[in-house]
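Engineer: Sequence and predicted structure, then a few things I'm wondering about:
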Amino acid sequence: LYIFNATVFPILHDDHWSVFVVAILDGYFVFLDSFFEEDHQYQKDVRDLVVNTKFLKAWDESIGIDWNFDEFVIHHAAVPKQDTKFFQKYDDGVFAMKFLELWDPRMNLMQKFSSGNIADIRVIYINDMIFSPHNSNKKGMDTISNHQAMV
């Protein structure tokens with residue numbers, strides 16, 4: 001059984017979702033972004049904010065152990081990208097959820113899904129949430145179960 005030692009964070013910055021991974025034992029930070037490329041100014045700003053400001057501050061306040069984060073390698077994983085031709089504003093959140101679900105440093109996410117799968121993935125996530133045994137709001141379940149599709 002493979003166990004991956006990392007902490008994975010969903011990131012919301014300027015109304016855009018991405019994922020940030022800290023692989024403590026392996027010595028790297030990984031960014032997974034479905035829209036912005038590594039050299040885009042947005043990505044540079046997020047790297048600086050997340051690594052240098054937010055993460056290091058939280059680490060110092062909660063853990064306080066010197067871990068030589070200045071020696072960590074910053075990596076941008078090859079991940080499926082949003083289709084800019086059929087861009088949907090909130091697809092980045094679905095991509096981020098899928099990254100959180102699947103990400104493993106040994107896995108090629110490009111082979112797992114693409115932008116063409118996002119509409120189906122969205123439906124699966126909605127159904128999973130509505131019909132979860134942990135969902136105490138039965139009204140949503142009843143609405144979906146009793147839906148009469150118009151033909």
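Structural biologist: Looks like it arrived, so ask away. Numbers count the residues shown, from 1 in each chain.

Engineer: what about residue 78, which SS state?
Structural biologist: Look at residue 78: counting by DSSP: H, G, I helix; E, B strand; the rest coil, its state is coil.

Engineer: confidence score at it?
Structural biologist: pLDDT for residue 78: 95.

Engineer: What of the one 10 residues further on?
Structural biologist: Each residue has a pLDDT score; the one for residue 88 is 71.

Engineer: Surely it is in a strand?
Structural biologist: No: using three-state DSSP, the assignment for residue 88 is coil, not a strand.

Engineer: what residue ranges in this structure are flagged as low confidence?
Structural biologist: The model of the chain has pLDDT under 70 over residues 1-4, 86-87, 147-151.

Engineer: Now for the residue most central in space within it: which residues touch it?
Structural biologist: Closest to where the C-alpha atoms of the chain average out (CA atoms, centre = their mean) is residue 96, at 2.8 Å. Under the criterion of CB atoms under 8 Å, 6 or more residues apart in numbering, the neighbours of residue 96 are 10, 11, 17, 18, 19, 32, 34. All C-beta atoms are positioned from the backbone trio N, CA, C, and that covers glycine.

Engineer: separation between the third one and residue 138?
Structural biologist: Counting by CB to CB, to the nearest Å, the separation of residue 17 from residue 138 is 29 Å.

Engineer: With the second one instead?
Structural biologist: Residue 11 sits at a distance of 33 Å from residue 138 (criterion: CB to CB).

Engineer: quick one, which of the two is more surrounded?
Structural biologist: More neighbours surround residue 11 than the other of residue 11 and residue 138, with 17 against 10 (other CB atoms under 10 Å).

Engineer: Might one say that the more buried one is in contact with residue 51?
Structural biologist: No: contact criterion CB atoms under 8 Å: residue 11 and residue 51 do not qualify, at 11.0 Å.

Engineer: I'd assumed residue 89 was in contact with residue 17.
Structural biologist: No: taking contacts as CB under 8 Å, residue 17 lies outside contact range of residue 89: 11.0 Å.
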